[in-house]
Each structure stands twice: as C-alpha cells, then as structure tokens.
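Peer 1: model the structure of this input:
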Amino acid sequence: DFRSIRENHNFYIDKTAFIREWWESGDAVTLITRPRRFGKTVMANMLGAFLTKSAATKKLFAQLNIGRDAEAMQHINQYNVIYIDFSRISSNDYQSYIDNIAEVLKNDLHKAYPDVDYRAAGGVAEDLERITAATGERFIFIFDEWDAIFHAAFISEDDRKKYLLFLKDLLKDRVYVQLAYMTG
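Peer 2: Got it, this is the predicted structure:
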C-alpha cells in the first residue's frame, strides 16, 4: 500500500523521520490515536514497508528523509512484520471475524516457517512461541484500526471482552514480540 501511495499520488508529505523517532523511543508497544483522516493508516503502511524483510523497499525510501539517515537505513527490510488491518471486517459475527484473522495468520506463519514443529490444536500465540524457540526470530506487530471491531453493530459487550483478551494473549509479555505499533 505504501508503494502505491508513493508511486501514484502527487501529494505525499514525508513523515519518514517518525520511523527513527519511534524506533529510538524504546517503547515496546506504541498506540497512535488520532481522529479520522489524520494519516494513521499511511503511517502504519510506511512503517511496515520500511521494516519488513518480505519486500525490498530501499529504493522506495531512498529519496525520503529516512533515506539520508545511514544509521536508520540499517533497519530497512530487516524484520518479521505481522501487519493486520482490523477494519477489514468480512463477517457478521465476532467468532467468525477473529477465527478468520487467526486462520490467515496461522497459514502465513506455517508457510513462512514450514520446518517448525507445530501442535495441531495450537493457537497463533503458541505457534509464534514455537517459531521463536526454533529460530530465535521475533516479530514486529503493526495493527491498523485495532479498535474497528468495537464499532461493528454485531459486537456484544462479551465479544469486546473476548477481543481484548485475544490481543492481550497475543502481545502481553510474549518473547516473540519485538515491538508493537497500533492505530485506532
């Protein structure tokens, strides 16, 4: 998405200096809350594009502020990034929504790390723990619109509690979490 923004839009305000500021802050989890239309998704896409090792994006950042920062550029395309846009709701009930997210994530993890010994009934957090134990690799989580589910008409108060527990189980005190960046 960030590549599309850079290549197909005439107006782009370079906010790449944020990458270094965020990285150097030392915050394990960062939550960015701003009103709608204030660039949260663009920032999340930018961060993911810069950090992920699943895409070569050095040319994309070369002419931006961060591209002139040799120290910061050492981090480009060096990390495992799990990017989830929670606003893409394709179901009418909480359990289907969260099961779909978990299934897609598990499939991606199993494809990326086929040699890890997974437990058939294991959840996403367990799979990530096993990957880190087997490889030593950790993950940066980028969650865009983490709170979108709270605005869905089909979500009950009980579902909200389950969702918060899902996020807590996925991120809190987990060895596989290198950093987390969330917008909402």
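Peer 1: CA only for contacts and neighbour counts going forward, please
Peer 2: Fine.
Peer 1: what residues are up against the residue nearest the centre of the chain?
Peer 2: Central residue of the chain (C-alpha atoms, centre = their mean): Ile142, 2.0 Å from the mean position. Neighbour list for Ile142: 44, 48, 81-84, 180-182 [criterion: C-alpha atoms under 8 Å, 6 or more residues apart in numbering].
Peer 1: if you set the cut-off to 6 Å instead, what comes out?
Peer 2: 83, 180-182 (C-alpha atoms under 6 Å, 6 or more residues apart in numbering).
Peer 1: same check, this time on Ile66
Peer 2: Taking C-alpha under 6 Å, 6+ apart, one finds 16-17 in contact with Ile66.
Peer 1: which SS state does it fall under?
Peer 2: With DSSP: H, G, I helix; E, B strand; the rest coil as the basis, the three-state label of Ile66 is helix.
Peer 1: equivalent analysis for Phe143, please.
Peer 2: Under three-state DSSP, Phe143 comes out as strand.
Peer 1: check which helix or strand Lys162 maps to.
Peer 2: Taking DSSP states H and E as the definition, one finds Lys162 inside helix 157-171.
Peer 1: now the element after that helix, going C-ward?
Peer 2: Past helix 157-171, the next helix or strand by DSSP H and E is strand 177-183.
Peer 1: so for stretch 153-160, mean pLDDT?
Peer 2: Per-residue pLDDT over stretch 153-160 has a mean of 93.
Peer 1: straight-line length of it, end to end?
Peer 2: Criterion C-alpha to C-alpha, to the nearest Å; first-to-last residue distance in stretch 153-160 is 12 Å.
Peer 1: tell me how far it lies from the chain's centre.
Peer 2: In terms of C-alpha atoms, centre = their mean, to the nearest Å, the centre of stretch 153-160 is found 23 Å from the chain centre.
Peer 1: returning to that earlier point: which residues does the helix holding Lys162 contact?
Peer 2: Ala125.
Peer 1: what's the nearest residue to Phe174 if we skip its chain neighbours?
Peer 2: Quick fix: residue 174 is Arg, not Phe. Glu129 (7.8 Å; C-alpha to C-alpha, 6 or more residues apart in numbering).
Peer 1: if I look at the residue nearest to the centre of the chain, how far off is Thr183?
Peer 2: Using C-alpha to C-alpha, which is the criterion applied here, Ile142 is 8 Å from Thr183.
Peer 1: list the buried residues for the longest helix along the chain?
Peer 2: The longest helix of the chain (DSSP state H) is helix 94-112. Neighbour-count burial for helix 94-112 flags 94, 97-98, 101, 105-106, 109-110 (criterion: 16 or more other C-alpha atoms under 10 Å).
Peer 1: just give me the neighbour total for Ala129.
Peer 2: Let me fix one detail, which is that residue 129 is Glu and not Ala. 19 (other C-alpha atoms under 10 Å).
Peer 1: ditto for Ile140
Peer 2: Ile140, neighbours per other C-alpha under 10 Å, totals 21.
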